[in-house]
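Trainee: Here's a sequence, model it:
(one chain, ligands or ions: 1)
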Amino acid sequence: MKIAVTGGCGYIGSHTLVDLIENGFEVISIDNNSRSTEQILTGVEQITGIKVRNYAVDMCNLDALRAVFEKNPDVAGVIHFAAYKWVGESVEEPLLYYRNNLDSLLNLLSCINDYGIRYHVFSSSCSVYGNPIELPVTENTPLSVAESPYAMTKQVGERIITDFAKTGTHQHILLRYFNPVGAHPSGHIGEIQPIPQNLVPYITQTAAGLRPQLRVFGNTYNTRDGTCLRDYIHVCDIAYAHTLALQYLVNKTDNTPNCEIFNLGLGEGATVLEVITAFERATNEPLNYQIVEKRAGDVEKIYSDNTKAKKVLHWRPKYTLDDMMATAWAWQKQLLIINY
Ligand code: UD1
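Mentor: Model (predicted):
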């Protein structure tokens, strides 16, 4: 079965290509490399032995996107990763985020409709819960106000798909990722952030001497140690959930709704300071950090109830927080050699 992976050269996209290939799927990637590099597909090939074809297409260009599906009429499913994802940048450039993340989604759904693509898995985010009214959050926890334009693009994206799902026979799954971190244990693929925005790439670049100091954004939150609390989850566990989601859709015979939502988190919270401690413990690398002002758009604390993904998809996350730090650090050391 052929699957089109949008954003296949990105962080979660590339790990998912590997997992799909290892589970017998044929894959193509659609990625304009605006926030990624096609070189990562070399790493995918080193792990799987398969050279993945990437179509360097801007998904906001409907004609260009349609051309990919014209050339690949046998695509049976799409996993849609391609989107901008940085909370801070989205606060500074909201129009960039709304235009890029929503135009590309609308165009993809048009193609799903026009080319009769049956299966669709969408990258959503725990940011849709805003500052949640209960913890841990389940898929039924009511969504609070989106704290950033990035989060809003995910709330609106979910709504668009939910409405679209009611009109056809296409099968959709919305995966709400918590905080994906770490890298493939082979060391061949991982996250590339030349200017790091997320916590773990910032930690590894600081430990590698590329950044003088990690800034911890605020220590007066209502958490164990005053720093924000998140549910960190290994990227390979996230990638595997996509394979399971597709297999679930393909094997589905009952009348369950044609748009279903799953939380993908470890089900545990870790504060920023706890992540730093885990990094130091797992790598024996001391980290230079300083507490600074809070970052606009951050939620205080969130972690998942992942019961539904475990029960329905039979998902079993297997990596610990220390594994996440160790693999992220191994990848960072590789990056110093590969020099993307
Ligand atoms: C958000 C989404 C997450 C999504 C990610 C994509 C929420 C709750 N989560 O993650 O689903 O996958 O965007 O980018 O909205 N931090 C520092 N110093 C830094 C960087 C980060 O202290 O240099 C802190 C942040 O304040 C936050 C934590 O580390 O408390 C994690 O931040 P980050 O890695 O940027 O991810 P989120 O914004 O939580």
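
Trainee: So which bits of the stretch 101-250 of the chain are right by the ligand?
Mentor: Counting by C-beta under 6 Å from any ligand atom, the positions of the stretch 101-250 of the chain adjacent to the ligand are 125-127, 151, 177-180, 197-199, 202, 214-217, 228, 230. Yep, even glycine has a C-beta here, placed from its N, CA and C like the rest.

Trainee: Can you list which of the residues you listed are found in helices?
Mentor: Using DSSP state H to define helices, the subset of those located there is 151, 199, 202.

Trainee: Most neighbours of all those residues, which one?
Mentor: Ala151 (24 neighbours; other C-beta atoms under 10 Å).

Trainee: Please report how far that one lies from Trp329.
Mentor: In this structure, Ala151 lies at 29 Å from Trp329, with C-beta to C-beta, to the nearest Å as the measure.

Trainee: if we can go back for a sec, can you flag the buried ones in the residues of the stretch 101-250 of the chain next to the ligand?
Mentor: Among those, those scoring as buried are 125-127, 151, 177-180, 198-199, 202, 214, 216-217, 228, 230 (criterion: 16 or more other C-beta atoms under 10 Å).

Trainee: ok, so of these, who is nearest Lys310?
Mentor: Distance from Lys310 was checked for each of these by C-beta to C-beta. The minimum falls on Phe178, at 14.2 Å.

Trainee: With adjacent residues omitted, what lies nearest to the closest one?
Mentor: Sequence neighbours aside, Gly265 is the residue nearest to Phe178 in space, at 3.3 Å (criterion: C-beta to C-beta, 6 or more residues apart in numbering).

Trainee: What values do phi and psi take at Gly13?
Mentor: Dihedral angles phi and psi of Gly13 (degrees, to the nearest 10) take the values phi -60, psi -50.

Trainee: shouldn't it be in contact with Ile3?
Mentor: No - taking C-beta atoms under 8 Å as the definition, Gly13 is not a contact partner of Ile3, at 11.4 Å.

Trainee: list residues touching both of those two?
Mentor: Taking C-beta atoms under 8 Å, 6 or more residues apart in numbering as the contact criterion, the common neighbours of Gly13 and Ile3 are Ile79.

Trainee: and the ones in helices among the residues of the stretch 101-250 of the chain next to the ligand as JSON lines, adding pLDDT?
Mentor: Conversion of those to JSON lines gives the following (pLDDT from 0 to 100):
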{"residue": "Ala151", "pLDDT": "96"}
{"residue": "Leu199", "pLDDT": "97"}
{"residue": "Tyr202", "pLDDT": "97"}
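
Trainee: Make CSV from the residues you listed and add distance to Gln39 to it.
Mentor: Converted to CSV, those look like this (distance: C-beta to C-beta, whole Å):
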residue, distance to Gln39
Ala151, 30
Leu199, 24
Tyr202, 22
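
Trainee: ok, of those residues, which one's closest to Leu273?
Mentor: Using C-beta to C-beta, Leu199 comes nearest to Leu273 of those, at 11.1 Å.

Trainee: ok, how many other residues are close to Glu22?
Mentor: With neighbours defined by other C-beta under 10 Å, the count for Glu22 comes to 14.

Trainee: Roughly how far does it sit from Leu41?
Mentor: Relative to Leu41, Glu22 is positioned 15 Å away (C-beta to C-beta).
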